[in-house]
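Q: need a structure here:
(one chain, ligands or ions: 1)
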Amino acid sequence: MLQEHLGYVADAVRLEHFRAAIGKSVRTGDRVADLGCGSGILGLLCLQAGAAHVDFVDESEMIEVARESVARAGLHNRASFVRGRSQHVELPQQVDAVVCDHIGHFGFDYGIVELLRDAKRRFLKPGGAMIPARIDLQLAAVESEKFRQLAEGWGATGVPGEFHWLSGQARNTKFNVNLPREDILSAPVASGTIDFLGDERGFLSCCAELRATRAGTMHGLGGWFDCELAPGVRMTNSPLAEKKIDRAQAFLPIGEAVEVKEGDAVKATLMLRPAESLIAWTAEFPANGRRFTHSNWQGMLLSREDLLRSNPARVPLLGRAGLARRTVLGYCDGRRTAREIVQVILKEHPGLFPSAEELSGFVARVLARDTE
Ligand SMILES: C[S@@+](CC[C@H](N)C(=O)[O-])C[C@H]1O[C@@H](n2cnc3c(N)ncnc32)[C@H](O)[C@@H]1O
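A: This is a model prediction of the structure:
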């Protein structure tokens, strides 16, 4: 986890863009919420820019890194720290600005739409600032034998034939990869926009006509973001940008490799349901009439049980873990200690799990996660 956050904190281009955006959007005396704060770097930049107070929120143990780092900056008396999922926590008062980097690799794929929609509704004062304010999604044609193997690897010689069917799943998967600029086969096209201050759509559908800038073989679509952090401050992970942040892009494979000539058109469409993490894409080649349709819904490994469980008419019954959780939580009466709860569960309900070790571990995890 720390390794991942080192990547964010050590990305000088990203910090430069966020510092510039915060300089424009956060005024002296403002109250700010840093949602999904991780190391706390963005909230720290807000405090250094003159924010009176920052509410740091993160669902992971990184909240402790934020707490310690802000204290080391001598700014802890202007900061509060909440561990929890942003959509579940309450803040003591509304804020003038919200900052986050939930932009993911393709703009919508890290939960930013739901996070900022909720923040706008519950945390942000009317007219407050959002950093980022909007995200443009960019699409381009990609030639990459290497990344095609991500999709086709399951069908390769050497893989036992019983597993070849998994190529079908992999061809319907979005991969996060570092696309070299020489793999880009067309000029990128801005294919859709998510506007956090105005947009309330749960579904986004966009089209782009891509033109091959050279002859080559197309293996898929490349996707990345170009976002407006604040008026006049843009940040991108485009492999073609002079000043890109250090972040991979999305690669969306297509069913078969297709030869293209310079100037050939490729019609691409993208359909997104960010709340369900669903993405569908098509690529159509008017020059030869070929068309490919994919979606990560087709790429999901859904078991029969998963499908049965998703039936709204089903009458659910508690499974073993559910029964165990209910039993453990039933002993949380505001008087018993954690040790006493483990002891009573081991004594009264030894059959909840096959071994005492597994049972004690389960109780500890439930108490850590579901109690205060
Ligand atoms: C991409 S990192 C960004 C960290 C930091 N804001 C930065 O810019 O370096 C996302 C962080 O958000 C946290 N996170 C993800 N979803 C969250 C949610 N819904 N509520 C709170 N924290 C979340 C993760 O634990 C992670 O630390």
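
Q: hey, let's count contacts and neighbours off CA atoms from now on
A: Noted.

Q: burial measure for the residue of the stretch 251-372 of the chain found nearest the ligand, as a count.
A: For the stretch 251-372 of the chain, the residue closest to the ligand is residue 275, as judged by C-alpha to the nearest ligand atom, at 11.7 Å. Number of residues near residue 275 (other C-alpha atoms under 10 Å) recorded here: 16.

Q: and if you look at the one 4 residues further on?
A: Applying other C-alpha under 10 Å, we find 22 other residues in the vicinity of residue 279.

Q: Quick one: residues contacting it.
A: With contact taken as C-alpha atoms under 8 Å, 6 or more residues apart in numbering, residue 279 is in contact with 270-273, 295-297.

Q: quick one: the helices in the stretch 151-300 of the chain?
A: If DSSP state H, counting those that start in this stretch is used as the criterion, the helices of the stretch 151-300 of the chain fall at 166-170, 296-299.

Q: ranking those by mean pLDDT, which is last?
A: In terms of average pLDDT, helix 296-299 trails the rest of the helices of the stretch 151-300 of the chain, at a mean of 85.

Q: List of residues touching stretch 291-311?
A: Contacts of stretch 291-311 (C-alpha under 8 Å, 6+ apart): 168-174, 254-255, 278-285, 314.

Q: Parallel or antiparallel, which strands does the one helix or strand residue 32 maps to pair with?
A: In this structure, residue 32 sits in strand 31-35 according to DSSP states H and E. Strand 31-35 has its sheet partners listed here by DSSP bridges as strand 53-58 (parallel), strand 95-99 (parallel).

Q: circling back to that earlier point, from the contacts of residue 279, which land in strands?
A: Residues from the contacts of residue 279 lying in strands, with DSSP state E as the criterion: 270-273, 295.

Q: could those be laid out in CSV, adding pLDDT and neighbour count?
A: Shown next, in CSV, are the ones in strands among the contacts of residue 279 (pLDDT from 0 to 100; neighbours: other C-alpha atoms under 10 Å):
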residue, pLDDT, neighbour count
270, 94, 20
271, 94, 17
272, 92, 19
273, 89, 17
295, 94, 21
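
Q: can you tell me which of these are up against the ligand?
A: With C-alpha under 6 Å from any ligand atom as the criterion, the ones in strands among the contacts of residue 279 include none near the ligand.

Q: hmm, which two among the residues you listed are most spread apart?
A: Taking C-alpha to C-alpha, the two most distant members of the ones in strands among the contacts of residue 279 are 273 and 295; they sit 11.2 Å apart.

Q: Can I get the strands paired with strand 31-35 in a markdown table including distance to the ligand?
A: Below are the strands paired with strand 31-35 laid out as a markdown table (distance: least, C-alpha to the nearest ligand atom, whole Å):
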| stretch | distance to the ligand |
| --- | --- |
| strand 53-58 | 4 |
| strand 95-99 | 8 |
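
Q: that older thread, most packed of the helices of the stretch 151-300 of the chain?
A: helix 166-170 (a mean of 19; mean count of other C-alpha atoms under 10 Å).

Q: for that helix, packing partners?
A: helix 145-152, helix 296-299 (3 or more C-alpha pairs under 8 Å, 6 or more residues apart in numbering; DSSP states H and E).

Q: Adding distance to residue 88, write those out as CSV.
A: Shown next, in CSV, are these (distance: least, C-alpha to C-alpha, whole Å):
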stretch, distance to residue 88
helix 145-152, 36
helix 296-299, 27
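
Q: so which of those helices gets nearest residue 216?
A: helix 145-152 (11.2 Å).

Q: How far away from the center of its chain is that closest one?
A: Computed by C-alpha atoms, centre = their mean, to the nearest Å, the chain-centroid distance of helix 145-152 equals 23 Å.

Q: So which bits of stretch 204-213 are buried?
A: 207-213 (16 or more other C-alpha atoms under 10 Å).

Q: Equivalent analysis for stretch 33-45, please.
A: 33-45.

Q: Those: which ones sit near the ligand?
A: 35-39, 41-42.

Q: out of the residues you listed, which are inside strands?
A: residue 35.

Q: JSON lines please, covering the ones next to the ligand among the buried residues of stretch 33-45 and showing pLDDT.
A: Listed next are these as JSON lines, based on pLDDT from 0 to 100:
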{"residue": "35", "pLDDT": "98"}
{"residue": "36", "pLDDT": "98"}
{"residue": "37", "pLDDT": "98"}
{"residue": "38", "pLDDT": "98"}
{"residue": "39", "pLDDT": "98"}
{"residue": "41", "pLDDT": "98"}
{"residue": "42", "pLDDT": "98"}
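
Q: For residue 194, state which of the ones next to the ligand among the buried residues of stretch 33-45 is nearest.
A: Ranked by distance to residue 194 (C-alpha to C-alpha), these are led by residue 35 at 18.3 Å.

Q: Test my guess that the closest one contacts residue 60.
A: No. Contact criterion C-alpha atoms under 8 Å: residue 35 and residue 60 do not qualify, at 11.7 Å.
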